[in-house]
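Here is the input, now give the coordinates:
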Amino acid sequence: MIPKLTDQPGAIALAATIRAGELSPLEAVDAAIARIEDRDAQIDAVVVCDFERAREAARSMDGQTPGDDRPLFGVPMTIKESFDIAGLPTTWGHQQFAGNVARRDARIVRLLKQAGAIFLGKTNVPPDLADWQSTNPVYGRTANPHDVSRSPGGSSGGSAAAVASGMVPCEYGTDIGGSVRVPAHFCGVWGHKTSWGLVSKHGHDHPLLAGGDAHDGALSIAGPIARHPEDLALLLRLTASVPMRESGKPLADCRLLLVTEYPESPVDAAVLGPVNAAVMAIEAAGVRVDRTTGLLPDLAQQQRDYMKMLNIAMARGMPGPDGKRASATDWFELLDAQARNEAAWHALFEEYDFVLAPPAPVLAIPAREGRLFDGTVTIDGREESAAAALAWAGIATFPNLPATVLPVGETGGLPCGIQVIGPRWADLDCIAAAAAIGGIVGA
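Numbers count the residues shown, from 1 in each chain. Below you'll find the model as predicted:
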């Protein structure tokens, strides 16, 4: 079974209800606000509220007949705190930036508003978006709605918690170290890591770079979170800047590769159990799934290169954990290594349609003080490096590939996901394959 917390409709279903006149935009907004006020006291997901402006936007829509260009007409949603919404603070979890009020909307916010979405506010993050917990000195700690003693993931933890608990039907987060995929996995919802460069993150800037005109950083992407795959696809179509591949190939005709072993990053049995059960169900449905191939890149080298690039990108060239500052030569050598890695994955996808892998080596972790990546995680009773756990994020991040996470089961009442990785720009195909897998496993 896949644990679920709500029977609230998704974004497309809610939009259809509003379009049919069965619910007004204001009624939809008021109902979402009521859910937030009722459920968020324990969860602390929606940390920046903009309820009155949302009601005002909804009132302005009452009586309108939306066109096809507004598929989210009247649908209330939230977005990760690190995205700018004009008139609201963007702190990235730092008290010193509590007064940093955005002057304009991020591009994603603007596009979704044009599609009819109504923003109720913003959701919680860790400082600098740099942890698999979502706690900071400005807004406090977000809890996992399945077990409030555990983390919802990070850095889009508030996003996934709000969706999983039914406060809102959909969200938008970002991902450089699993920040969309891990919260989806921890909270039992769907999340999509986009191909790097597919969705502009204009207006998603650290407060030190306030102004909304910073470049889209290496590795980092923006991606949607929802309870239904069709909502992921819609959010992606509304925000993509680059044409996407869409083959329409049925899952039954696809060849899949399962990867559950990564050098120095073991996977806990609590994750492997549901993942392997899901793969067995896929095979029973007639889909070919291989477990070994000589086509995989050198994953140990990929992880080393990914961590180097990740640390440089997160620090923006400041001294890294080893106290050294990367040179321009270091950076260009990493770009060369990334290009070679991308080519190796491209060759693999000449033989395989998709790769299946765990989104993380553990289920939702118990809440702790301090940053997870400065310590360890418990895997099958042993303490393992938490930083090494990032390998399961980097498997798709370093080669700039798309990956869709869907829930496939549970262990001890905690949800477990699997990620479906595909060729670059095949984002819609990844979502479609994940949807087909969801149909097999009952997601």
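
per-residue confidence for L208?
Confidence per residue is given as pLDDT, and for L208 that number is 89.

Wasn't it part of a helix?
Yes. When DSSP: H, G, I helix; E, B strand; the rest coil is applied, L208 is found to be in a helix.

State the number of residues packed around it.
L208 sits with 12 neighbouring residues when counted by other CB atoms under 10 Å. For every residue, glycine as well, the C-beta is placed using N, CA and C.

same thing with G438?
Taking other CB under 10 Å as the criterion, the count of residues near G438 is 21.

Which strand residues bridge the nearest residue in space to it that is not next to it in sequence?
Closest residue in space to G438, ignoring its immediate chain neighbours: L406 at 5.1 Å, by CB to CB, 6 or more residues apart in numbering. On the basis of DSSP bridges, L406 takes part in beta bridges with I418.

Surely L406 is in contact with G417?
Yes. Checked against CB atoms under 8 Å, the pair L406 and G417 is within contact range at 6.0 Å.

mind listing what's buried in the helix or strand that E52 is a member of?
Of the helices and strands defined by DSSP states H and E, E52 is found in helix 51-61. Buried residues in helix 51-61, counting neighbours by 16 or more other CB atoms under 10 Å, are found at 51, 53-55, 57-58, 61.

Just give me the neighbour total for R424.
Using other CB under 10 Å as the criterion, R424 is surrounded by 21 other residues.

What of R325?
Counted with other CB under 10 Å, R325 comes out at 12.

okay, it: pLDDT?
Note for R325: predicted pLDDT of 89.

Please verify my assumption that it contacts M318.
Yes. Counting by CB under 8 Å, R325 touches M318, with 6.8 Å between them.

residues in contact with L234?
Listed by CB atoms under 8 Å, 6 or more residues apart in numbering, the contact set of L234 reads 11-12, 71-72.

State the distance from the most centrally placed residue in the chain to P266.
The central residue of the chain, meaning the one whose C-alpha is nearest the mean C-alpha position (CA atoms, centre = their mean), is V180 at 1.6 Å. When CB to CB, to the nearest Å is the yardstick, V180 and P266 sit 23 Å from each other.

repeat for I2
Taken as CB to CB, the span from I2 to P266 is 24 Å.

what does the helix or strand that L14 is a member of rub up against?
Taking DSSP H and E as the criterion, L14 maps to helix 11-19. Helix 11-19 is touched from outside by 9, 23-25, 28, 66, 71-75, 77, 116, 169-170, 226, 228, 230-231, 234-235, with contacts defined as CB under 8 Å, 6+ apart.

Then stretch 69-76?
Applying CB under 8 Å, 6+ apart, the set of residues contacting stretch 69-76 from outside is 11-12, 14-15, 18-19, 23-25, 28-29, 32-33, 54, 58, 61, 64, 66, 112, 114-120, 168-170, 234, 238.

got the domain boundaries for the protein?
Domain segmentation of the chain under automatic domain parsing yields 11-239, 251-441.

could you dump those to JSON lines with distance to R245?
Formatted as JSON lines, the entries for the domains of the chain read as follows, by distance: least, CB to CB, whole Å:
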{"stretch": "domain 11-239", "distance to R245": "9"}
{"stretch": "domain 251-441", "distance to R245": "4"}
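
Please spell out which residues along the top helix by length along the chain are buried.
If each helix of the chain is counted by residues according to DSSP state H, the longest one is helix 328-348. Of the residues in helix 328-348, those with enough neighbours to count as buried (16+ other CB under 10 Å) are 331, 334, 337-338, 341-342, 345, 348.

which outside residues touch the helix or strand that it is followed by?
Following helix 328-348 in sequence order, the next helix or strand is strand 354-357 (DSSP H and E). Around strand 354-357, the neighbours that count as contacts under CB under 8 Å, 6+ apart are 254, 256-260, 275, 279, 289, 348, 392, 395, 418-422, 429-430, 433.

what about the strands in the stretch 151-300 of the chain?
Taking DSSP state E, counting those that start in this stretch as the criterion, the stretch 151-300 of the chain contains strands spanning 170-175, 190-193, 221-226, 255-258, 288-290.

for those, which one sits closest to L372?
With respect to L372, and counting by CB to CB, the nearest of these is strand 170-175 at 16.0 Å.

Flag the shaky bits of the stretch 1-150 of the chain, pLDDT-wise.
Low-confidence segments of the stretch 1-150 of the chain, defined by pLDDT under 70, are absent; every residue clears the threshold.

Quick one: the helices in it, in order.
11-19, 25-43, 51-61, 107-114 (DSSP state H, counting those that start in this stretch).

Out of these, which is closest to I437?
Evaluated over these, closeness to I437 peaks at helix 11-19, with 19.6 Å, by CB to CB.

Mind listing what's buried along that closest one?
11-12, 14-15, 17-19.

Check stretch 409-429 too.
In stretch 409-429, the ones that count as buried by 16+ other CB under 10 Å are 409-410, 414-429.

before we move on, what about stretch 370-379?
Counting neighbours by 16+ other CB under 10 Å, one finds that the buried residues in stretch 370-379 are 371-373, 377, 379.

So which of those belong to strands?
Those of those mapping onto strands are 377, 379, per DSSP state E.

show me the contacts for the residue nearest to A164 when sequence neighbours are not counted.
Spatially, and ignoring its direct neighbours in sequence, A164 is nearest to C187 (4.0 Å; CB to CB, 6+ apart). When contacts are counted by CB under 8 Å, 6+ apart, C187 touches 144-146, 152-153, 160-161, 163-164, 364, 415.

can you redo the buried residues of helix 328-348 as a markdown table with pLDDT and distance to I85?
Rendered in a markdown table, the data for those read as follows (pLDDT from 0 to 100; distance: CB to CB, whole Å):
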| residue | pLDDT | distance to I85 |
| --- | --- | --- |
| W331 | 95 | 33 |
| L334 | 97 | 34 |
| A337 | 98 | 37 |
| Q338 | 98 | 33 |
| N341 | 98 | 36 |
| E342 | 98 | 34 |
| W345 | 98 | 36 |
| L348 | 98 | 40 |
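
how about CSV for the contacts of C187, with distance to S220 added?
Listed next are the contacts of C187 as CSV, based on distance: CB to CB, whole Å:
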residue, distance to S220
N144, 24
P145, 26
H146, 27
P152, 20
G153, 16
A160, 18
A161, 21
V163, 21
A164, 23
A364, 23
P415, 25
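
Can you tell me which of these lies closest to G248?
Top of the list for closeness to G248, among those and by CB to CB, is V163 at 27.4 Å.

ranges for the helices of the stretch 151-300 of the chain?
According to DSSP H, counting those that start in this stretch, the helices that the stretch 151-300 of the chain contains are 157-164, 181-187, 229-239, 269-284, 299-315.

Could you check the angle the first one makes with strand 170-175?
What it means is helix 157-164. Here helix 157-164 points in a direction 150 degrees away from that of strand 170-175 (axes from the mean of the first three to the mean of the last three CA atoms, to 10 degrees).

what mean pLDDT would you report for helix 157-164?
For helix 157-164, the per-residue pLDDT averages 98.
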